[in-house]
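**Q** my questions are about this predicted structure, shown below with the sequence.
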Amino acid sequence: MASTALLRPLPAVMAAVAVAGIVAGAVMETGFPVPVSQWLFVLACATLPALGLLVALRRPDNVYGWLLLATADCLGLGALGVGILLRVSADQQVMTVAGVLLASLFVVFYGLSWVFVPLFFPDGRLPSRGWRVGAWIAAAAIAVHWTGIVLGHEELYSIFPTRNPLGLAGEAGLYTLLMAAGGQAVVLLMALAVLVSLIRRWLRGKPEERRLLRWMIAGLVATLGGFVLIGMFGGGGQESVRSISILLVMAAMPAAIAAAVLRHNLLDVRVGIRGSRFFLMFDLRPTVGELLTELGPELEEAGPAEQLGRLAQAVRAGLEIRWAAVVLPDGTRLVAGEESGEAVLTVPAGLGHIACGPKTAGWFTAEDRRQLAALAVPVGLAIQSAALAARLVDAGEAERRRIERNIHDGAQQQLVALIAGLELARATGSTPETLALLREQARQTLADLRELAAGIHPSVLSQGGLAEAIEERCSRLPVTTTVTADPGLRARRFPDQVEGALYFTVSEALANALKHASASRIEVRLTHAAGRLQTTVTDDGKGFDPAATGRRGLGPLADRLSALGGGLDLSSAPGEGTRVRAWVPAPG
């Protein structure tokens, strides 16, 4: 994080160094007053650091911006070195050495602007793997050329008042001349190879790519042509031709890049006319952070689905595509624009993905793909938020159904048992003890109903645990019921959802035994072994055919058990009673 913060002012510093060197060199070359033509030359050369600063600030991950800044610094410092050599006196050895070292950076400027700037055009990447070797050859040639200039023979510095203090004399000096000439020749050959590569890419490219490449081809031809003219007229003669040649070498390439930027939105920089005032407006495609900052207030006020729709619109606007769709895991699509045809580009976004239609102009660049990958992060989070909101809604609905089931499986069955007890009391005659028992059972049923209506487990289940709650439930039944629990279960508690699922399963099985089976005896067993908590309800009723009648209300409870990782078995046959076995995982 600290390193990122330190790098933030670096593009501005590099651009300032380049501009300062260009201005200082121009002023030192002509002296005051500086001719207007010289200021025009400075302005043309300043295009290069301006472009580099623009790209590096807005797209710091794009190599091209840093390459332009490095090239501009070589130009600016080289111009400063030439100015120093033109003004320094013979006795100022330190300044002369500084001037030589700075002026030699013109060699690097030539190499970068002839080879690497056009080679990495337009997205900061080599056009193919085959150019890796070519790039290394060019870099080595630039280094050899620079070494030959730094240690160059005095003839290389004949245009300056002083000679090169670092220059080698005699035979060694001749070798430096050969190094400089050889390095420059190789660089020129590599520049011609780059030109051929650009032309081939132009011939094979799509229309939009060809419109971009033609500017770079023109810029490289003008640059190399200017260098040839300097070689022809560098010694004097036609001063106007010489000036034009120097201008071509220094400014043709930046002018070509600027034209590509202004005409074809290169590197996400657009130019246009705003309103009716007719002034130029430089419009940079917003970054991901800027898009989200602008959308922030709207996203905060929007619902999940609306958020996804606005993010889809942000993707469409940010990438300048005809349509964009955010696709949810269930296949739901939230589309910005008019969707037509197949998606040209698709990237994953959390649980879903983003589908992109074609660009309104041109093709998808590496920068587009990087921006889309960055936008996929907030889109993925929004998809997860939408899924969470859906789960919350589903959970609320499930809770409502749970309370409904609990009422059905608990209090309702107690009422059934109470009614059965009243019917039995009426048929057989009732004693005061029986009526008191039925009255207490009715009161308990009413209390349980109130608790269940509020979504609360029966109080005995919350306070005493599963074994005690099952015993209390069975104690109110009008038939003989026995409850057996493994030792230690009475003092052991389990998660509420586990105890509730088993309790209501037992309640439903008991209700079925009373209502449908005409059972006279019921046995309930509660066990905990091998990491499984299990209940078994067995009755001696008339039984039934499960294939014909189903689970008799146990289906929802089976779903609850399954959601907990458990299950439910039901076995019965006509005349053989019924057994219901339910279990859930419960580590010991």
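**A** Perfect, thanks for sending it.
**Q** neighbours around Leu136, how many?
**A** Leu isn't right for residue 136; it's Trp. 10 (other CB atoms under 10 Å). Where you see a C-beta, it was placed from the backbone N, CA and C, and this is true even at glycine.
**Q** correction: Ile244
**A** For Ile244, the neighbour count with other CB under 10 Å is 15.
**Q** these two touch, right, it and Leu229?
**A** Yes. Using CB atoms under 8 Å, Ile244 makes contact with Leu229 at a distance of 7.4 Å.
**Q** the host helix or strand of Tyr175 packs against which elements?
**A** If you go by DSSP states H and E, Tyr175 is part of helix 170-204. Helix 170-204 makes packing contacts with helix 105-111, helix 117-119, helix 131-150, helix 207-233 when contacts are defined by 3 or more CB pairs under 8 Å, 6 or more residues apart in numbering; DSSP states H and E.
**Q** kindly calculate the angle that that helix makes with helix 131-150.
**A** 150 degrees (axes from the mean of the first three to the mean of the last three CA atoms, to 10 degrees).
**Q** avg pLDDT for helix 170-204?
**A** The average pLDDT within helix 170-204 is 90.
**Q** what angle do helix 207-233 and it make with each other?
**A** Using the same axes, to 10 degrees: helix 170-204 against helix 207-233 is 150 degrees.
**Q** buried set for helix 170-204?
**A** 173, 176-177, 179-180, 183-184, 186-188, 190-191, 193-195, 197-198, 201-202 (16 or more other CB atoms under 10 Å).
**Q** so Ala252 sits right up against Thr223, yeah?
**A** Yes. Counting by CB under 8 Å, Ala252 touches Thr223, with 4.7 Å between them.
**Q** the more surrounded of those two?
**A** Between Ala252 and Thr223, Thr223 has the larger neighbour count (other CB under 10 Å), namely 26 against 21.
**Q** quick check: that one vs Thr527, distance?
**A** 89 Å (CB to CB, to the nearest Å).
**Q** also Leu220?
**A** Computed with CB to CB, the distance linking Leu220 and Thr527 is 85 Å.
**Q** with neighbour numbers in mind, choose between those two.
**A** Leu220 (26 against 15).
**Q** got the contact list for that one?
**A** By CB atoms under 8 Å, 6 or more residues apart in numbering, the contact set of Leu220 is Trp114, Pro118, Ala191, Val194, Leu195, Leu198, Met253, Ala256.
**Q** what do you get for Ile84?
**A** With CB under 8 Å, 6+ apart, Ile84 has these contacts: Met28, Met95, Thr96, Ala98, Gly99, Leu102, Ala103.
**Q** now the last one, nearest residue through space, not along the chain?
**A** Closest residue to Ala103 in three dimensions, ignoring its sequence neighbours and counting by CB to CB, 6 or more residues apart in numbering: Gly81, at 3.2 Å.
**Q** can you pull the buried residues of the helix or strand hosting that neighbour?
**A** Gly81 belongs to helix 63-87 when assigned by DSSP H and E. By neighbour count on 16+ other CB under 10 Å, the buried set for helix 63-87 is 64-86.
**Q** do you know how far Leu224 is from Leu198?
**A** 12 Å.
**Q** surely Arg59 touches Leu68?
**A** No. Taking contacts as CB under 8 Å, Arg59 lies outside contact range of Leu68: 11.5 Å.
**Q** hmm, back to that, dump the helices and strands packed on helix 170-204 to a markdown table, plus mean pLDDT and distance to Glu468.
**A** Converted to a markdown table, these look like this (pLDDT from 0 to 100; distance: least, CB to CB, whole Å):
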| stretch | mean pLDDT | distance to Glu468 |
| --- | --- | --- |
| helix 105-111 | 93 | 88 |
| helix 117-119 | 92 | 82 |
| helix 131-150 | 93 | 77 |
| helix 207-233 | 82 | 78 |
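**Q** for the nearest residue to Pro329 once chain neighbours are set aside, give me its contacts.
**A** In space, and not counting its chain neighbours, Pro329 is closest to Leu351: 4.7 Å by CB to CB, 6+ apart. By CB under 8 Å, 6+ apart, the contact set of Leu351 is Leu328, Pro329, Gly380, Ile383, Gln384, Ala387.
**Q** can you pull out the strands in the chain?
**A** 269-273, 280-284, 323-327, 333-337, 345-349, 352-356, 480-485, 521-529, 532-539, 567-572, 578-585 (DSSP state E).
**Q** looking at the ones you listed, which is nearest to Leu40?
**A** When those are compared by CB to CB, strand 280-284 sits nearest Leu40, at 19.5 Å.
**Q** Phe494 and Pro585 touch, don't they?
**A** No. Taking contacts as CB under 8 Å, Phe494 lies outside contact range of Pro585: 10.3 Å.
**Q** who touches both of the two?
**A** Common neighbours of Phe494 and Pro585 (CB under 8 Å, 6+ apart) are Leu533.
**Q** which of these two has more residues huddled nearby?
**A** Set Phe494 next to Pro585 and count neighbours by other CB under 10 Å: Phe494 wins out with 17 against 12.
**Q** any idea how far Leu564 is from the more buried one?
**A** Distance from Phe494 to Leu564, by CB to CB: 11 Å.
**Q** what's the answer for Pro556, then?
**A** 13 Å.
**Q** with Glu171 instead?
**A** 92 Å.
**Q** same question, Ser128
**A** For Ser128 relative to Leu564 (CB to CB), the value is 58 Å.
**Q** higher neighbour count, those two?
**A** More crowded of Ser128 and Leu564, by other CB under 10 Å: Leu564, with 18 against 10.
**Q** touching, that one and Val498? I think so.
**A** Yes. Applying CB under 8 Å, one finds Leu564 in contact with Val498, separated by 6.3 Å.
**Q** overlap of the contact sets of the two?
**A** Shared contacts of Leu564 and Val498, counting by CB under 8 Å, 6+ apart, come down to Val584.
**Q** identify the residue spatially nearest to Glu472, adjacent ones excluded.
**A** Counting by CB to CB, 6+ apart, the nearest residue to Glu472 once its immediate chain neighbours are dropped is Val460, at 4.8 Å.
**Q** the one you found against Ala469, yeah?
**A** Yes. Counting by CB under 8 Å, Val460 does reach Ala469; the two are 4.7 Å apart.
**Q** looking at these two, which is more packed in?
**A** More crowded of Val460 and Ala469, by other CB under 10 Å: Ala469, with 23 against 19.
**Q** contacting residues for the closest residue in space to the more buried one that isn't next to it in sequence?
**A** Once flanking residues are discounted, Ala469 sits nearest to Leu461: 3.9 Å by CB to CB, 6+ apart. Going by CB under 8 Å, 6+ apart, Leu461 touches Ala469, Glu499, Gly500, Tyr503.
**Q** tell me how many other residues crowd the second one.
**A** The burial count assigned to Glu499 is 22, neighbours taken as other CB under 10 Å.
**Q** for it, which non-adjacent residue is spatially closest?
**A** Leu466 (4.6 Å).
**Q** what's the neighbour count on the one you found?
**A** That count, for Leu466 with other CB under 10 Å as the rule, works out to 24.
**Q** same deal with the one 5 residues further on?
**A** Here the count is done by other CB under 10 Å, and Glu471 has 18 residues near it.
**Q** looking at it, Thr71 is touching Leu112, isn't it?
**A** Yes. Thr71 lies in contact with Leu112 (CB under 8 Å); the separation is 4.2 Å.
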